[in-house]
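A.B. asks: how would this look folded up:
(chains A and B)
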Amino acid sequence: AQKITQTQPGMFVQEKEAVTLDCTYDTSDQSYGLFWYKQPSSGEMIFLIYQGSYDEQNATEGRYSLNFQKARKSANLVISASQLGDSAMYFCAMREANFGNEKLTFGTGTRLTIIP
Amino acid sequence: NAGVTQTPKFRILKIGQSMTLQCTQDMNHNYMYWYRQDPGMGLKLIYYSVGAGITDKGEVPNGYNVSRSTTEDFPLRLELAAPSQTSVYFCASRIVPSFNEQFFGPGTRLTVL
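C.D. replies: Model (predicted):
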């Protein structure tokens, strides 16, 4: 079974609109972390936001927020007021730690294109 | 700080050749990671290390070896390269337990022909 599922291979959004990128995850651990990374066409991986499984508040970082719904095992990324520079691949990832054995799993990504 | 640096940036190997991908970080991070990213896919964890002298397998370790003799360096060795190892390789690091963010290197694009 896929640990991280990103169901939107590609999205097109008008500039200045908000966009939600979907991510669902599967784990039996109680303690885990969820991440979103951005990968522009230049190829580097840019950390955007982190949510811990015990965090009660949804994480926010500037224009990025993570809509964490634990019971539904979903961790959607919301980008407000999208900009042309937001065009990139976006990856959701999960870290599980079990007796010091780290397991990091990435989804297959969503390609976001911002239309002027 | 230079952050996480990787060399080389690009490399073409023939089938059966060997090479070492270098990774160095100057942030005194204890955890380091190697990932591969196949075209159109997410990253898959190859190996990771929680400190000098300690390494462990990730999801796709076959065909690779690692060592961690210092905090700064975490080289990835490919023995007997195969076309299936054509990929982009990323090294990353983080400091535990203070921060959750992984800092990534720029990647090495490897082609095996």
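A.B. asks: rest of the way, CA atoms for contacts and neighbours
C.D. replies: Fine.
A.B. asks: Mind pulling the model confidence for residue A:100?
C.D. replies: As predicted, residue A:100 sits at a pLDDT of 62.
A.B. asks: Also residue B:99?
C.D. replies: Value listed for residue B:99 in the pLDDT field: 61.
A.B. asks: Please name the nearest non-neighbouring residue to the most centrally placed residue in chain B.
C.D. replies: Centroid-nearest residue in chain B: residue B:34, 3.0 Å away (criterion: Cα atoms, centre = their mean). The shortest distance from residue B:34 to any residue other than its chain neighbours is 4.6 Å, reached at residue B:91 (Cα to Cα, 6 or more residues apart in numbering or on different chains).
A.B. asks: From residue A:72, how far off is that neighbour?
C.D. replies: 32 Å (Cα to Cα, to the nearest Å).
A.B. asks: Let's see the distance spanning stretch B:24-43 from one end to the other.
C.D. replies: Stretch B:24-43 end-to-end distance (Cα to Cα) = 19 Å.
A.B. asks: what stretches of chain B score poorly on pLDDT?
C.D. replies: Where chain B drops to pLDDT under 70, the residues are B:98-99.
A.B. asks: show me what contacts the residue of it found nearest chain A?
C.D. replies: Taking Cα to the nearest Cα, chain A has its nearest neighbour within chain B at residue B:42, 4.4 Å off. Residues near residue B:42 by Cα atoms under 8 Å, 6 or more residues apart in numbering or on different chains: A:91, A:106-109.
A.B. asks: Count the residues that sit near residue B:84.
C.D. replies: 12 (other Cα atoms under 10 Å in any protein chain shown).
A.B. asks: Excluding sequence neighbours, find me the nearest residue to residue B:94.
C.D. replies: Nearest to residue B:94 is residue B:102, by Cα to Cα, 6+ apart, at 4.8 Å.
A.B. asks: what do you get for residue B:85?
C.D. replies: Residue B:85 sits nearest to residue B:112 (Cα to Cα, 6+ apart), 6.7 Å away.
A.B. asks: same question, residue B:55
C.D. replies: residue B:49 (4.2 Å).
A.B. asks: Go through the lowest-mean-pLDDT helix or strand in chain A and flag the buried ones.
C.D. replies: Every helix and strand of chain A was ranked by mean pLDDT, DSSP states H and E. The lowest is strand A:101-106, at a mean of 79. With burial defined by 16 or more other Cα atoms under 10 Å in any protein chain shown, the residues of strand A:101-106 counted as buried are A:102-106.
A.B. asks: That one pairs with which strands, parallel or anti?
C.D. replies: strand A:88-98 (antiparallel) (DSSP bridges).
A.B. asks: can you list contacts of the strand it pairs with?
C.D. replies: Applying Cα under 8 Å, 6+ apart, the external contacts of strand A:88-98 come out as A:4, A:6, A:23, A:25, A:29, A:31-41, A:102-113, B:42.
A.B. asks: from those, which would you call buried?
C.D. replies: The buried subset of the contacts of strand A:88-98 (16+ other Cα under 10 Å) comprises A:4, A:6, A:23, A:25, A:32-40, A:102-113, B:42.
A.B. asks: Give me the three-state assignment for the residue of chain A found nearest chain B.
C.D. replies: Chain B sits closest to residue A:108 of chain A, with a gap of 4.4 Å, by Cα to the nearest Cα. Following DSSP: H, G, I helix; E, B strand; the rest coil, the label given to residue A:108 is coil.
A.B. asks: how about the residues of chain A near chain B?
C.D. replies: Taking Cα under 8 Å from any Cα of the partner chain as the measure of proximity, chain A contacts chain B at A:43-47, A:50, A:91, A:103-109.
A.B. asks: In TSV: these, plus distance to residue A:19.
C.D. replies: Shown next, in TSV, are the residues of chain A next to chain B (distance: Cα to Cα, whole Å):
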residue	distance to residue A:19
A:43	22
A:44	22
A:45	20
A:46	18
A:47	18
A:50	18
A:91	15
A:103	29
A:104	26
A:105	23
A:106	20
A:107	18
A:108	18
A:109	15
